[in-house]
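Chemist: Sequence and computational prediction follow.
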Amino acid sequence: MGIIDTVKDIKRVTIHDIVMIKIGKFVYTYGKDACIISYIFKYKIKLVQNNIYVSAFPRNNLNKIMATLENKKINYIVLDRRNSYRTDEKSDNKNLNNYNKYLNKAITYVKRKRKIDNIYNILLKEIESDKIEEIIKLIRKVLNERGKI
């Protein structure tokens, strides 16, 4: 069974908890949990097999991540893959859990960020074209009209 299948099984039980899995020197989150981690901590997020999001961070940041999640009252569970996904840490805020509140914000954030990243990649592909200056002027004009430049 692959890691994504394992996470899906775990999420059936921990629906409203962020599942963090220690793998080597990093801690990984998957699916909706990856969106929340990316939103709160601005970590990179990528789409992998079967349109599942993945976000990872260095293991030495785990205490900071857990403290922030506790402060925001978001349930989490930390599992260690080396020890058959044994629970290392857990936080349960019972009915004060803010998982869904942050999930809604995170999904909007990730969707918008993907759109911006796509535009950025298109601009990079056009960087040597003759029309890039015209495109940049249009973008700057729109931003200037909104008072952003």
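Modeler: Great, that's in hand. Only a predicted model underlies this, so the values are computations on that prediction, with no experimental measurement involved. Numbers count the residues shown, from 1 in each chain.
Chemist: which intervals of this protein have sub-threshold pLDDT?
Modeler: Where the chain drops to pLDDT under 70, the residues are 1, 148-149.
Chemist: so where's the longest helix in it?
Modeler: The helix that spans the most residues within the chain, counting by DSSP state H, is helix 99-125.
Chemist: Mind giving me the packing neighbours of that one?
Modeler: helix 31-41, helix 132-145 (3 or more CB pairs under 8 Å, 6 or more residues apart in numbering; DSSP states H and E). In this view, the C-beta of every residue, glycine as well, is placed from N, C-alpha and C.
Chemist: looking at those, which is buried most?
Modeler: Mean neighbour count (mean count of other CB atoms under 10 Å) peaks for helix 31-41 among those, with a mean of 23.
Chemist: For that one, list the C-alpha coordinates in CSV.
Modeler: Taking Å, rounded to 0.1, in the frame of the first residue of the first chain, the C-alpha atoms of helix 31-41 are listed here in CSV:
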residue,chain,number,x,y,z
GLY,A,31,-4.8,16.5,0.4
LYS,A,32,-6.8,19.1,2.3
ASP,A,33,-4.3,19.1,5.1
ALA,A,34,-1.6,20.1,2.7
CYS,A,35,-3.7,23.1,1.7
ILE,A,36,-4.1,24.2,5.3
ILE,A,37,-0.4,23.9,6.0
SER,A,38,0.5,25.8,2.8
TYR,A,39,-2.0,28.5,3.6
ILE,A,40,-0.9,29.1,7.2
PHE,A,41,2.9,28.7,6.8
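Chemist: quick one: that helix to helix 99-125, angle?
Modeler: 80 degrees (axes from the mean of the first three to the mean of the last three CA atoms, to 10 degrees).
Chemist: Helix 31-41 - contacts with which helices or strands?
Modeler: Contact here means 3+ CB pairs under 8 Å, 6+ apart; on that basis helix 31-41 packs against helix 3-13, strand 18-23, strand 52-58, helix 62-71, helix 99-125.
Chemist: do you know which of those lies nearest Ile77?
Modeler: strand 18-23 (5.6 Å; CB to CB).
Chemist: partners of that closest one in the sheet?
Modeler: Applying DSSP bridges, strand 18-23 is found paired with strand 26-30 (antiparallel), strand 76-80 (parallel).
Chemist: so the following helix or strand past the last one versus strand 18-23, what angle?
Modeler: So the one you mean is strand 76-80. Next helix or strand after strand 76-80 toward the C-terminus (DSSP states H and E): strand 86-91. Angle of strand 86-91 versus strand 18-23, following the same axes, to 10 degrees, is 140 degrees.
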